[in-house]
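Colleague: how would this look folded up:
(one chain, ligands or ions: 1)
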Amino acid sequence: MPVFSNISRRRFITIATASSSALFLKGCLGNPPDTTSSQSSPVASPVAELKPEMMPEVKTVKLGYLPIVEAAPLIVAKEKGLFAKYGMPDVKIDKQANWGAARDNVKIGSAGGGIDGGQWQMPMPYLISEGIITDKTKVPMYVLAQLNTQGNGIAIASKHLGKGLSTKMSEQVAFFDKLKSDGAKFKAAYTFPKANQEFWIRYWLAGNGIDPDKEVELLTVPTAQTVADMKRGAMDAFSTGDPWPNRIVSDKIGFISTLTAEIWKNHPEEYLAIRKDWVDQYPKATKAILKAVMEAQQWCDNFDNRKELAGILAKREYFGVPEKVLIEPLMGKYNLGERSVDDKSMAVLYWKDEKGSVSYPYQSHDLWFLTESVRWGFLPKATLTKAKDLIKQVNREDIWREAAKELGVAAADIPSSTSRGVETFFDGAKFDPENPQAYLDSLKIKRV
Ligand code: CA
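Modeller: A predicted model of the protein is given here:
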């Protein structure tokens with residue numbers, strides 16, 4: 001077992017340079033190392049008593065993540081020793097350079113030096129399973145849990161301050177039209193095409209009567225590059241996870257037109273998905289991972305822990321950003337530039353939200369992501385007729401249920417249905433999972 005799995009590199013250096021050899025040896029002898037954790041945290045989680053039928057087949061898995069708040073449950077499960085608690089002491093979480101790298105790494109798997117799974121935007125696990133974004137190589141994946149709801153936003157460059165760019169916009173079509181006729185078409189970026197961030201920016205524009213394919217130029221920019229690119233004027237807007245939109249405001253580069261929670265309250269965001277071949281081979285280890293992630297989600301969801309969470313995520317080996325830019329969005333305190341929001345129900349949520357479970361991967365949400373893909377012509381219309389079968393293959397909410405029971409999650413916190421029911425958006429549109437076609441029919445701007 002790695003001696004320093006529970007402490008940061010910086011703390012290791014502090015310990016080492018303080019030449020506290022006694023403490024060093026204490027760690028070496030297999031005792032849990034001291035942590036800087038506050039009293040509220042589950043310090044150095046003890047190893048759970050595992051029944052033989054729950055003992056993981058392997059002690060390791062390699063999970064990729066991106067440095068945005070969506071990754072918190074994976075990072076906390078590692079930092080708090082929760083993977084070890086459920087018999088997986090050697091879980092590796094591996095920062096990915098960008099979404100394309102994550103996709104390439106899961107295609108080759110950990111055996112090829114890549115990853116077995118990790119954090120994904122939707123519908124990436126479907127696109128990878130179907131070979132759509134992996135050069136036709138089908139790499140079947142299982143969606144196992146949702147990591148978070150909300151926690152994203154659309155940032156706008158400062159030069160557009162005072163132009164009325166907000167969640168709901170009136171008379172803004174002329175603004176985009178004028179930029180277009182001036183030869184300076186509004187450029188909006190996201191971190192990976194045809195997934196969450198592109199959907200949020202398209203939804204926001206189209207919900208305001210602006211056709212994203214005609215009035216705007218859409219482009220892909222890696223997460224960590226978004227701030228720099230806006231600073232040098234290469235883009236007018238981008239959509240990504242916290243804390244990056246917040247950083248735009250604190251660095252006075254731009255402002256936030258809308259939180260994604262204002263576009264769709266309690267909206268599904270990112271997911272834990274792992275290669276099917278890995279899960280099929282190691283079903284007990286899969287449930288151990290899920291139990292650790294669920295426990296981490298419960299911890300992350302508690303606002304009393306969020307200051308400590310900001311400290312963990314801010315570390316150099318994770319996000320490498322000042323703690324200050326993390327704590328505000330994590331507490332639901334958003335300085336949007338032109339206005340502010342102070343509401344915990346608008347923050348990133350990890351375990352429960354007003355609509356139900358966050359961790360449970362509702363199949364009705366996968367259907368929305370597939371339907372939205374059809375809306376914009378990313379997937380053929382026939383996708384809808386086979387969506388139910390496809391979702392059954394990829395979304396393994398049944399494994400989530402088994403893991404939740406093993407963890408002792410209260411029955412009331414385990415959804416009784418695979419559907420969260422009818423969803424309502426800021427423009428009044430409704431998505432009924434029983435009738436996705438009616439949703440498509442109701443939308444004015446679409447490519448289908
Ligand atoms: Ca996101």
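
Colleague: alpha carbons only for contacts and neighbour counts from here, please
Modeller: Will do.

Colleague: where does the chain have low pLDDT?
Modeller: 1-44, 223-224 (pLDDT under 70).

Colleague: need the longest helix for the protein.
Modeller: Using DSSP state H to define each element, the chain has its longest helix at helix 283-301.

Colleague: and that one, what does it pack onto?
Modeller: When contacts are defined as 3 or more Cα pairs under 8 Å, 6 or more residues apart in numbering; DSSP states H and E, helix 283-301 packs onto helix 72-79, helix 82-85, helix 397-407.

Colleague: doesn't Leu144 fall inside a strand?
Modeller: Yes. Under DSSP: H, G, I helix; E, B strand; the rest coil, Leu144 sits within a strand.

Colleague: doesn't Leu272 make contact with it?
Modeller: Yes. Leu144 lies in contact with Leu272 (Cα atoms under 8 Å); the separation is 5.7 Å.

Colleague: now do Asp353 against Ser359, distance only.
Modeller: 10 Å (Cα to Cα, to the nearest Å).

Colleague: ok, now Ala237?
Modeller: Computed with Cα to Cα, the distance linking Ala237 and Ser359 is 30 Å.

Colleague: same deal with Glu79?
Modeller: Counting by Cα to Cα, the gap from Glu79 to Ser359 is 19 Å.

Colleague: when the two are compared, which one has more neighbours?
Modeller: For Glu79 versus Ser359, neighbours defined as other Cα atoms under 10 Å are more numerous around Ser359 (29 against 20).

Colleague: pull out the buried residues from the longest helix of the chain.
Modeller: 283-297, 299-301 (16 or more other Cα atoms under 10 Å).

Colleague: stretch 425-436 too?
Modeller: Counting neighbours by 16+ other Cα under 10 Å, stretch 425-436 gives Phe425, Phe426, Asp427, Lys430, Phe431, Asp432, Pro433, Pro436 as buried.

Colleague: how long is it end to end?
Modeller: End to end - Cα to Cα - stretch 425-436 spans 14 Å.

Colleague: and the contacts of that stretch?
Modeller: 168, 207-208, 262-265, 364, 367-368, 371, 384, 419, 421-424, 438-439, 442-443 (Cα atoms under 8 Å, 6 or more residues apart in numbering).

Colleague: hmm, back to that, give me the angle between the longest helix of the chain and helix 72-79.
Modeller: 110 degrees (axes from the mean of the first three to the mean of the last three Cα atoms, to 10 degrees).

Colleague: run through who's touching the following helix or strand past helix 283-301.
Modeller: Using DSSP states H and E, the helix or strand that follows helix 283-301 in sequence is helix 306-314. With contacts defined as Cα under 8 Å, 6+ apart, helix 306-314 is touched by 37-38, 69, 72, 75-76, 300, 318-324, 326-327, 330-331.

Colleague: can you give me the buried ones in the next helix or strand after helix 306-314?
Modeller: Toward the C-terminus, helix 306-314 is succeeded by helix 323-330 as the next helix or strand (DSSP H and E). Judged by neighbour count (16+ other Cα under 10 Å), helix 323-330 contains these buried residues: Glu323, Val325, Leu326, Ile327, Glu328, Pro329, Leu330.

Colleague: likewise for stretch 413-421?
Modeller: Result for stretch 413-421 [16+ other Cα under 10 Å]: buried residues Ile414, Ser419, Arg420.

Colleague: ok but Ile445 is inside a helix, no?
Modeller: No. Per three-state DSSP, Ile445 lies outside any helix segment and is coil.

Colleague: distance check, the nearest residue to Ile132 once chain neighbours are set aside against Gln119.
Modeller: Distances taken as Cα to Cα, 6 or more residues apart in numbering place Lys138 nearest to Ile132, at 7.8 Å, with adjacent residues excluded. Separation of Lys138 from Gln119 (Cα to Cα): 19 Å.

Colleague: what about those two, which has more around it?
Modeller: In terms of neighbours (other Cα under 10 Å), Gln119 is the more surrounded of Lys138 and Gln119; the figures are 27 against 16.

Colleague: in this structure the more buried one contacts Ala273, no?
Modeller: Yes. At 6.6 Å, Gln119 counts as touching Ala273 under the criterion of Cα under 8 Å.

Colleague: buried stuff in the helix or strand that contains Lys386?
Modeller: Assigned by DSSP H and E, Lys386 belongs to helix 383-394. Under the neighbour-count criterion of 16+ other Cα under 10 Å, helix 383-394 has Leu384, Leu390, Ile391, Gln393, Val394 buried.

Colleague: what's near enough to touch the closest residue to the last one other than its chain neighbours?
Modeller: Once its chain neighbours are removed from consideration, Val394 has its nearest residue in Tyr142; the separation is 4.7 Å (Cα to Cα, 6+ apart). Taking Cα under 8 Å, 6+ apart, we find Tyr142 in contact with Pro125, Ala273, Ile274, Arg275, Lys276, Val279, Gln393, Val394, Asn395, Arg396.

Colleague: quick check: domain ranges of the protein?
Modeller: 1-36, 152-263 (automatic domain parsing).

Colleague: ok so, going back, show me what the helix holding Lys386 packs onto, helices and strands only.
Modeller: helix 124-129, strand 141-146, helix 363-375.

Colleague: cutoff 6 Å now
Modeller: Applying 3 or more Cα pairs under 6 Å, 6 or more residues apart in numbering; DSSP states H and E, one finds that helix 383-394 contacts no other helix or strand.

Colleague: got the CA positions of it in CSV?
Modeller: The C-alpha coordinates for helix 383-394 follow below in CSV (Å, rounded to 0.1, in the frame of the first residue of the first chain):
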residue,chain,number,x,y,z
THR,A,383,-31.1,6.6,-32.7
LEU,A,384,-34.4,7.4,-31.0
THR,A,385,-36.1,4.2,-32.1
LYS,A,386,-33.2,2.1,-30.7
ALA,A,387,-32.4,4.3,-27.8
LYS,A,388,-34.1,2.1,-25.2
ASP,A,389,-32.0,-0.9,-26.1
LEU,A,390,-28.8,1.1,-26.4
ILE,A,391,-29.4,2.7,-22.9
LYS,A,392,-30.1,-0.7,-21.4
GLN,A,393,-26.7,-1.9,-22.7
VAL,A,394,-24.7,1.1,-21.6
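
Colleague: how far off helix 363-375 does that helix point, in degrees?
Modeller: 140 degrees.

Colleague: which residues are contacting helix 383-394?
Modeller: Outside of helix 383-394, the residues within contact range by Cα atoms under 6 Å, 6 or more residues apart in numbering are Tyr142, Val143.

Colleague: one more time with 10 Å
Modeller: Residues outside helix 383-394 that contact it (Cα atoms under 10 Å, 6 or more residues apart in numbering) are 125-126, 129-130, 140-144, 273, 275-276, 363-364, 366-367, 370-371, 373-374, 398, 436-437.

Colleague: try stretch 274-281
Modeller: 57-58, 61-64, 106-107, 109-110, 115-120, 125, 128-129, 139-144, 273, 282, 285-287, 393-394, 399.

Colleague: I'm done for today, thanks for sticking with me.
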